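Engineer: Could you work out the structure for the sequence below:
(one chain, ligands or ions: 1)
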Amino acid sequence: MIVLGLSGLPRSQARHLEDHPGIGPLDARICQGLDSAAALLVDGELVAAASEERFTGEKGTGKLPHHAIAWCLDAAGIAPEAVDVVAHGFDYDRHRRAFVLSQQHFDDVLTSRSVADALTEHGWDVLADRLRPVEHHRAHALSAVVPSGFDQGLAVVSDGMGEVESLSVWRFRGTELEKLHSQPIAASLGILYGIGTRFLGFQFNSDEYKVMGLAPYGDPERFRSVFRKLARFDADRGSIVIDWPKGALADAHRGYPHARALLAEQTFTPNPPDGSIQRDEADFAAALQDCLTELLVALVGHWLERTGERSLCLAGGTFLNCKSNQALAALAGVDRMFVQPASGDDGTAPGAAWAAAVEHGSLNPAKGPFDPYLGPGYSRDEVRAALEARPDLTWREMGLGEDYVSAAAEDIAADRIVAWFHGRMEFGPRALGNRSILARPDGDRIKDRINSAVKFREAFRPFAPAVHVDDRDRLFVTRGFAPDLYMLATAQVRPEARATLSGIVHEDDSARIQTVTPELNPAFAELLVGVRERTGTGCVVNTSFNVKGQPLIMDPVTAIDTFSRIALDRLYIEGFVVEPTTMIDPPAPVPGSAG
Ligand SMILES: [Fe+2]
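Structural biologist: This is a model prediction of the structure:
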């Protein structure tokens, strides 16, 4: 059985911008149905998944993922006619009555018809005919339950909003889900955090990770009472209650001005962000982050205790928050935990596909850890052709042998910043070593150097480490749950390791780690062994291979072009080593460097 999974609502954002002319960039993403992606299940196996943004360069787009669809089918050699079901990660059709005040918008944007029409417009009538809507939170829940491999447990979904709910709690046995609890959109943690993000002058539904990065610089006590008054956990109902005053959530398209005014009344009026760390803003971020973490810990702890379950699966945009995930992983009632790496709506593409496969009894149980390398990969010939088209560049072909990995390890040990491009592209927002920029983690200036070379990001945002599994426990305190494999939870850096990892330790002594195993990424693991041999530590800075405003790079042509325009020291790409157009002198050696 062949199932194609889709996310996104093709007309949603365009309609949002049309209906509200003059809308600013901070509010451009306050709409449903972004993060379009496609995923393909062939006889119960997830064989391909990719976000549309990677093909078009339009970050987080909600448009029909037609490039991703075409690529998934092509990669698997499947004709559109051979697809049995097209599963879409929203099912608004059954909620028509809830949208009685906005019927036109409902008909034009939210119904499955809008997706079917978009498929037809692209010449895929056959796919349009086989469209099957899947409840949004069910798709999110299965996006974590299926790849977790857990036989039973509790699944929690939290996001901005699904069709009519914003948080749901499920008990699962195998792939059978039972919904235990659901919360309305007015009690959305995603919207609360988004409003806080917008309050600080960042983009709603996009920049929430910046608030998380800013939080450790602030004092949560100063504004704690503001959030305690607004949001609380009701232990009798097992529910989060957010007491927005009447009208606070009106005019969402303008960035929730009433809710922001309410927050300003009780706190301060923020300055537009300028990349620096400002006291009021950091204190606000700290209180908001603590509020989220406390509420999630209370809710998840409650439902674990109430059900007696000990295995936890999480999905939905809220669970890209690594600080909260760290607190959830520390709960005594949790024995195992899995977070879907694509926890935004991109993850509902495979989630919806799994829902359809479960219904048809066509699903294979997970074997081993979930493999997130589900996107396009490229042959050596394709990379060579891309290089040959650039006579201005200096490159050599080494092949993927030991010498190649040693050369890369040597470069990193010598404090060079290296772009590393191998295998299939990651599914989900994090670069996990196939499209990454890597560097030594111990230079005090490493953040500045990467920022000035390529990232241009806010000074308060930390860089994250990738660590070989054999080095993990002597450097970090972690229970070793699955989220560590996918850079989805922070871990505390051990005091004795802080000097060695000075480039990646955040203000609160945490780091958003990726544990690299030979099983999931043998080439990356081998590189880390090489770095360990030269520096004593099998750990590197790992940040996504892209420049500001660009989605994660997908293909060799873009990788080579981007590399040629920025000041990285080397590009290692499928057995080829590319030098910068203008050779950059390596920086002065780091004291104590063995390399
Ligand atoms: Fe969602």
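Engineer: Please tell me how far residue 197 sits from residue 403.
Structural biologist: Going from residue 197 to residue 403 by CB to CB, to the nearest Å gives 46 Å. (C-beta placed from N, C-alpha, C; glycine too.)
Engineer: meant to ask about residue 384
Structural biologist: From residue 384 to residue 403 the distance is 18 Å (CB to CB).
Engineer: out of residue 197 and residue 403, which sits in the more crowded spot?
Structural biologist: Set residue 197 next to residue 403 and count neighbours by other CB atoms under 10 Å: residue 197 wins out with 24 against 10.
Engineer: Confirm that one sits in a strand?
Structural biologist: No. Under the criterion used here (DSSP: H, G, I helix; E, B strand; the rest coil), residue 197 is helix, not part of a strand.
Engineer: got a list of what it touches?
Structural biologist: By CB atoms under 8 Å, 6 or more residues apart in numbering, residue 197 lies in contact with 203, 204, 207, 208, 210, 211.
Engineer: Check which helices and strands the helix or strand harbouring residue 410 is in contact with.
Structural biologist: In the assignment (DSSP states H and E), residue 410 maps to helix 402-413. Counting contacts by 3 or more CB pairs under 8 Å, 6 or more residues apart in numbering; DSSP states H and E, helix 402-413 packs against strand 418-421, helix 522-535, strand 570-573, strand 576-578.
Engineer: what's the spacing between the third one and its chain's center?
Structural biologist: Its chain's average C-alpha position is 24 Å from that of strand 570-573, according to CA atoms, centre = their mean, to the nearest Å.
Engineer: what does the protein put close to the ion?
Structural biologist: By CB under 5 Å from the ion, the residues of the chain that approach the ion are 159, 345.
Engineer: Please repeat the previous calculation with a cut-off of 6 Å.
Structural biologist: Taking CB under 6 Å from the ion as the contact definition, the chain meets the ion at 136, 140, 159, 162, 316, 317, 345.
Engineer: will you turn those residues into TSV that also has distance to residue 307, pLDDT and neighbour count?
Structural biologist: Output for those, formatted as TSV (distance: CB to CB, whole Å; pLDDT from 0 to 100; neighbours: other CB atoms under 10 Å):
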residue	distance to residue 307	pLDDT	neighbour count
136	23	98	29
140	19	98	34
159	22	97	27
162	22	97	28
316	19	98	31
317	24	98	24
345	27	98	31
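Engineer: and the contacts of residue 197 as TSV, adding distance to residue 51 and pLDDT?
Structural biologist: Formatted as TSV, those follow (distance: CB to CB, whole Å; pLDDT from 0 to 100):
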residue	distance to residue 51	pLDDT
203	18	96
204	19	96
207	18	94
208	18	95
210	20	94
211	23	96
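Engineer: List just the nearest of those to residue 394.
Structural biologist: Checking the contacts of residue 197 against residue 394 by CB to CB gives residue 210 as the nearest, at 37.0 Å.
Engineer: for the closest one, helix, strand, or coil?
Structural biologist: Strictly by three-state DSSP, residue 210 counts as helix.
Engineer: Could you do residue 47 as well?
Structural biologist: Criterion first, three-state DSSP; result for residue 47: strand.
Engineer: what do you get for the one 3 residues further on?
Structural biologist: Of the three states, residue 50 takes strand according to three-state DSSP.
Engineer: So for the closest residue to the ion within the stretch 51-200 of the chain, what's the nearest residue that isn't a sequence neighbour?
Structural biologist: The stretch 51-200 of the chain approaches the ion most closely through residue 159 (3.5 Å), counting by CB to the ion. Distances taken as CB to CB, 6 or more residues apart in numbering put residue 316 closest to residue 159, at 3.7 Å, once the chain neighbours are dropped.
Engineer: and residue 579, what does it touch?
Structural biologist: Here residue 579 is in contact with 393, 394, 395, 570 (criterion: CB under 8 Å, 6+ apart).
Engineer: Could you figure out how far the host helix or strand of residue 38 is turned away from strand 45-51?
Structural biologist: In this structure, residue 38 is located in strand 37-42 according to DSSP H and E. Put simply, strand 37-42 runs at 170 degrees to strand 45-51, going by axes from the mean of the first three to the mean of the last three CA atoms, to 10 degrees.
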